Structures are given as C-alpha cells and as structure tokens.
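Asker: just to be clear, the model below is a prediction. Sequence and coordinates:
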Amino acid sequence: MGIKHSFAFLIALVLGGAAAASPALAQTQTAQTRDTKPLSAIDWLSRSVVTPAAVRPGASTHPPVSGAGGIENISVLSLDAPSADRLGLLSEARTGLPANLWGSTPAPELARALRNTPDDNLPALHDLLMTLLLAELDPPQITTPAQRDMLFLARVDRLLDMGALQQAHALLEQADPTNPAIFRRRFDVALLLGNETEACRVMERTPAIAPSYPARIFCLARTGHWDTAELTYGTGRALGQIPEDQAELIAQFLDPELADGADDLTPPDPVTPLSFKMMEAIGQPLATSMLPLAFAHADLTENNGWKAQLEAAERLARAGVIDPNRLLGLYTERKAAASGALWDRVSAITALDKAMNAQDNAAVAKALPRAWREMSKQELEPMLATLYGTRLAAMNLPGDAGRIAHDLGLLTPDYEEIANDGSGTGANAALLSGFAKGQSAGIPAQDDLTRALKDVFDTAPGAVPARYAGLLPDQLGAALLHAIDDVAQGARGDYPRLVDGLKLLRLAGLESTARRAAIELIVLDRRG
C-alpha cells in the first residue's frame, strides 16, 4: 500500500473516530537526558562568520568585520520569500512521501524533533530517518521571518551529527551561500572533507558574508598570502577580534617556529573544524575517536595511516553513512599488520572476500563464521549483508555457515524471497518468514519480543494507535519521527511503544520499513 493511499486511509480512520485522542508530540515524546550527551553540530561549528547586521534599503552588501561571535538570525524578508526548507536530494516520486508531509506542525517543533530523533537504532529506521532528512517536501508552517530555513538547518545539523557529510554537502550546495548560517555549515563541511581550498573559495565567492578573523587568516594562509594573513592577525589582535583562547593557536599556525620547544597547546574546547585543521597544521593533530562522528571523515584521507583510516571507516560504516565498499577496500588493501581486535577483522574479511571472488564454497563456509563473529563485535553485520548477503544466501552453505548466510540475506532488500526459500533454520525461522510476508498469525512466539512483534503482524493494519491520534491526520511527518523514537526505545524493552511505532509505520504505508525492522530486531538482537 503506497504512502499516499495510506495517508488518505489514516484521515478516514481519524475522522471516523477509529482512534482515541492523545497528547501532542511535545507531550508524548520521552525526554532523553544523559550525563554525557554527544556534542551537537550546533555546538562545534566554527565561528567562521561574524554576527550579521540587519540590511537597510540601499545599504552596502559588504558588511564590515565587527566581531567573531555567534550567528543571529536577523532578517527583513517577507514570510512568503523563497525558503531553503523545500530543498532536498530525493524527489517525491522517489520517496513516495506526500509533499505536505509536515502538514500543520510548526517549524520550530519539527526542527526540535528532528534534532532529538535517535539514530543509534536499526538500519531500517536509519534509512527512514535519512529519507526524511533528504526528501523534497513543502516547507513547514512559519509565523516569523526568523523561522525561515529553520527546518533546513535542523536537517543539515542532524546529518552532521550522524556523520553524513557527503549528504549534508550536497544539500548545502543547493542553498543560498549568502545566508550566514548556511555559509557557516558549508565552510565546516568542506574542512572536514579535506577540501580546505574549496572552503576558502566558498568564502571568496560570498562577498556579502563577513568572515571572522580566524577564518579569514586561515584562508589567506592556505592560499599562500602569508604576509596578508600575518597583517590580518595583528589587526585582529589590536581590535580585540580574535578570541583569547584562539590567539596562540593562530600564532603558531602562522609561524610554526613558535611551536619549536614550546609545550603542546591545550586542545580547544570545543574542537571546531577550523581549530582541528589548525592543530593538524602545527603538528599537534587531534585524535578523532573522542570527537563527534563527523570528524572521522578527516581520517579517511591518504595523509593518515592505514590503521587510522580503518578505524574511521568502521565508525562511519557502523553509522551507515559511507559506502561499505569503501571499508571493504581498506580491509583488503594490504595484509593485516598484527593480530587482535581490528586486525582480526581485517584478516577475516580479507579471507571471506578472497573466497567469494574465487567462488569457492568450501572456503566461504570456513571463512564466513569467523567474519560474522568478528564483525558482530562491532555491530558491522549490516555491512556484511550489503556486500555479500544475497550471494551468500544463494550458495546453500552447510551448517553454521548456512544459518549465517541465511540471516545475512534477510538483512538485504531481497529479505522476503530469502525468508521464503525454505532454507532457514533455528527457532525463529518460521517467524522470520512470517514477518517478511507481514503475516505471522498461527506461528508460535518464542519470547516477549516475538510476542510483541506478532501483535504487529498477526493482523492487517487497523486503528491508529492512541499515542499518535493527536498528530493525525495533519501532522504525519511529526508522527513518523515519533514512531522512529518509539521503535528505537521500545526495542530496549518497552514493547508497547515498539508495537505502536511499528503499527504506525504500517498504517503510513511504510510496510517494508516495518518488516525490515522486525527482522533486524531478531537477526541483529539489538535489545541492549
């Protein structure tokens, strides 16, 4: 059932009184307060532009450098001016989502919900969240000019938090670079992708944007204008436009001899892409393992060692934001340098890939259990599925290798065909086949989780779960974000939330997402 038809179905259900009223999203969403909450993109973006002033009619479009503080959203645009909120990489025809998905949900509420929606969850939910972030949709409702582009920036920031820099870069390239908030993100994304020259060219091509002194100095130096960079540094210091906590770093960046014999600098707090690049330039590179995920891209360049590239690629592959073939290329680039942990995964994947390329079933049967075991330790089984799942499932491997091959096949888009081929073994084989078809009635449950999943798939989609009734029919997008959170949190043991979230996905026409999530819960056992 397509999502557009299901949306009409949802309207009929709600207007017909099929579901009881429930609180709105802001009241029903569980707050996730953690002592060590990951740093959000809005906290680590470089202060690469100065605070813009409101533009008066007839005034110059080249504002002076007046400070290096945060960005204020000051605007004189009318409410019906063009909005970046409608920009996307995925068309309506490709996603199947209705153009008015955001409906009547106010832009600030959607921006907050997007930033708070978890992504440490199942691949199926990750894919849905990525689709919502990248889809071309009608802009949400705004009531003030300051709310324009709010959802677009929230989408970009969510991509940055997820480490999806390539996607964020493509989205930002569609937007107006003279918007200070958009410029700030384009500059940082280019830095993290190792495109310093592009970052500085973005600055040069946007004269209406006044770059901060640190950003201007960095770009002058990177483009070979060292004398001008030093002069700008001196001017900035005299005018008090260079923050004290950055002054020494910039000084050593401009004159590496200052670092000779000096104590290492205290790492900036927070580390921004600009300070990260400067620390690297003065010979004090910062480890990315303790930094937000987006910084891991900086380790993928050839300037870094093989081990650093492997570790970064694994982090990004686990987050589902790089092509698994890139990680495979690194795994098989050369022979493992040692044994244990990372090198065991390198050896295991290299052996499996060699056996697969040779079409040697016996060698595959020997290599697969080890590869599964090593990759499971890092929750990288989805990468194995993407690379080999469909081919492995068709090999009719014996014993444990056959079971693993079947499970990997269930994690691919061919899950329904593979689930029904009769090769599944184990206590949950029949249930997996039922969930793959969306029909589990009559199949015995094995535990509390499978009983909850049977509640979802034993019958066809029916009434809207009460927890979403306050959001439907005119806030479907917000309801989907809520459902992602409910499935992710419900999988940890709150099965009523899990059931409601999956039922909402089915009602919204996201049948494949719901089925994949159910299968992944069993195969990957992500309940912790």
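Answerer: In hand now; what should we look at?

Asker: from Asp494, how far off is the residue nearest to the spatial centre of the chain?
Answerer: Against the mean C-alpha coordinate of the chain, by CA atoms, centre = their mean, the closest residue is Met162 at 3.0 Å. As for Met162, its distance to Asp494 is 24 Å (criterion: CB to CB, to the nearest Å). The way it works is simple: take the backbone N, C-alpha and C, and place the C-beta from them, glycine included.

Asker: do Leu507 as well
Answerer: Counting by CB to CB, the gap from Leu507 to Asp494 is 20 Å.

Asker: check Phe253 too.
Answerer: From Phe253 across to Asp494, the span is 50 Å (CB to CB).

Asker: same check, this time on Leu45
Answerer: Shown here: Leu45 relative to Asp494, a distance of 34 Å by CB to CB.

Asker: these two: which has the busier surroundings?
Answerer: Neighbour totals were compared for Leu45 and Asp494, and Leu45 leads with 22 against 15 (other CB atoms under 10 Å).

Asker: pretty sure the more buried one sits against Pro270.
Answerer: No. In terms of CB atoms under 8 Å, Leu45 does not count as a neighbour of Pro270; the distance is 9.3 Å.

Asker: quick one: buried residues of stretch 488-506?
Answerer: Judged by neighbour count (16 or more other CB atoms under 10 Å), stretch 488-506 contains these buried residues: 488-491, 495, 497-506.

Asker: in three-state terms, label the closest residue in space to Phe457 that isn't next to it in sequence for me.
Answerer: On the basis of CB to CB, 6 or more residues apart in numbering, the spatially nearest residue to Phe457 that is not a chain neighbour turns out to be Ser440, at 4.2 Å. Going by DSSP: H, G, I helix; E, B strand; the rest coil, the secondary structure assigned to Ser440 is coil.

Asker: is it true that Ser440 touches Leu453?
Answerer: Yes. If you go by CB under 8 Å, Ser440 and Leu453 touch, sitting 7.1 Å apart.

Asker: one step back: read off the pLDDT value for the residue nearest to the centre of the chain.
Answerer: Looking at Met162, its pLDDT reads 96.

Asker: that one contacts Asp120, correct?
Answerer: No. Applying CB under 8 Å as the test, Met162 and Asp120 come out as separate, 10.0 Å apart.

Asker: measure Glu244 to Ile250 for me?
Answerer: Computed with CB to CB, the distance linking Glu244 and Ile250 is 11 Å.

Asker: pick out whichever of those two has more residues nearby.
Answerer: Ile250 (25 against 8).

Asker: can you report phi and psi for the more buried one?
Answerer: Comment: the main-chain dihedrals of Ile250 come out as phi -70, psi -40, following degrees, to the nearest 10.

Asker: check contacts around it.
Answerer: Pro214, Ile217, Tyr233, Ile242, Met278 (CB atoms under 8 Å, 6 or more residues apart in numbering).

Asker: list the buried ones in the strand or helix carrying Asp43?
Answerer: Assigned by DSSP states H and E, Asp43 belongs to helix 41-44. Residues of helix 41-44 classed as buried by neighbour count (16+ other CB under 10 Å): Ala41, Ile42, Trp44.

Asker: my read: the second one touches Asp157, true?
Answerer: I take that to be Ile42. Yes. Under the criterion of CB under 8 Å, Ile42 makes contact with Asp157 at 5.7 Å.

Asker: quick one: common contacting residues for Ser440 and Leu453?
Answerer: Common contacts of Ser440 and Leu453, defined by CB under 8 Å, 6+ apart, comprise Leu431.

Asker: ok, so of the buried residues of helix 41-44, who is nearest Ala401?
Answerer: Out of these, the one with the shortest distance to Ala401 is Ala41. That distance is 42.1 Å, counting by CB to CB.

Asker: nearest spatial neighbour of that closest one, skipping sequence neighbours?
Answerer: Distances taken as CB to CB, 6+ apart put Leu160 closest to Ala41, at 3.8 Å, once the chain neighbours are dropped.

Asker: did I read that right, that neighbour in a helix?
Answerer: Yes. Residue assignment for Leu160, taken from three-state DSSP, places it within a helix.

Asker: if I look at it, how far off is Leu153?
Answerer: Computed with CB to CB, the distance linking Leu160 and Leu153 is 10 Å.

Asker: quick one: secondary structure of Gly509?
Answerer: coil.

Asker: per-residue confidence at it?
Answerer: Model confidence at Gly509, given as pLDDT, is 95.

Asker: and it, what are its phi and psi?
Answerer: As for Gly509, its main-chain torsions (degrees, to the nearest 10) stand at phi 90, psi 10.

Asker: ditto for Tyr495
Answerer: Its backbone dihedrals place Tyr495 at phi -70, psi -30, with angles given as degrees, to the nearest 10.

Asker: before we move on, back to that, what is the helix holding Asp43 packed up against?
Answerer: If contacts are counted by 3 or more CB pairs under 8 Å, 6 or more residues apart in numbering; DSSP states H and E, helix 41-44 sits against helix 150-162.

Asker: which elements pack onto the helix it packs on?
Answerer: Using 3+ CB pairs under 8 Å, 6+ apart as the contact criterion, the secondary-structure elements in contact with helix 150-162 are helix 41-44, helix 107-116, helix 123-134, helix 165-173, helix 180-192.

Asker: in the helix or strand harbouring Arg451, what counts as buried?
Answerer: Mapping Arg451 onto the secondary structure by DSSP H and E places it in helix 448-457. The neighbour-count criterion (16+ other CB under 10 Å) identifies Leu449, Thr450, Ala452, Leu453, Lys454, Asp455, Val456, Phe457 as the buried residues of helix 448-457.

Asker: what residue ranges in the stretch 51-200 of the chain score low on pLDDT?
Answerer: Of all residues in the stretch 51-200 of the chain, those with pLDDT under 70 make up the ranges 51-81.

Asker: OK, contacts around the closest residue to Ser91 other than its chain neighbours?
Answerer: For Ser91, the nearest residue in space outside its immediate sequence neighbours is Glu136; the separation is 5.5 Å by CB to CB, 6+ apart. With contacts defined as CB under 8 Å, 6+ apart, Glu136 is in contact with Arg86, Leu87, Gly88, Leu89, Leu90, Ser91, Glu92, Ala99.

Asker: now the buried members of those residues.
Answerer: If you count burial by 16+ other CB under 10 Å, the buried members of the contacts of Glu136 come out as Leu87, Gly88, Leu89, Leu90, Glu92.

Asker: ok, then the element right after the helix holding Asp43?
Answerer: Helices and strands here follow DSSP H and E; after helix 41-44, the next one along the chain is helix 92-95.

Asker: list the contacts of the helix or strand Leu328 falls within.
Answerer: Element membership of Leu328, judged by DSSP H and E, is helix 324-331. Under the criterion CB under 8 Å, 6+ apart, residues 300, 306, 309-310, 313-314, 316-317, 345-346, 349-350, 353, 383, 386-387 lie in contact with helix 324-331.

Asker: how about 6 Å then?
Answerer: Where contact means CB atoms under 6 Å, 6 or more residues apart in numbering, the residues beyond helix 324-331 that reach it are Gln309, Leu310, Ala313, Ala317, Val346, Ile349, Met383, Thr386, Leu387.
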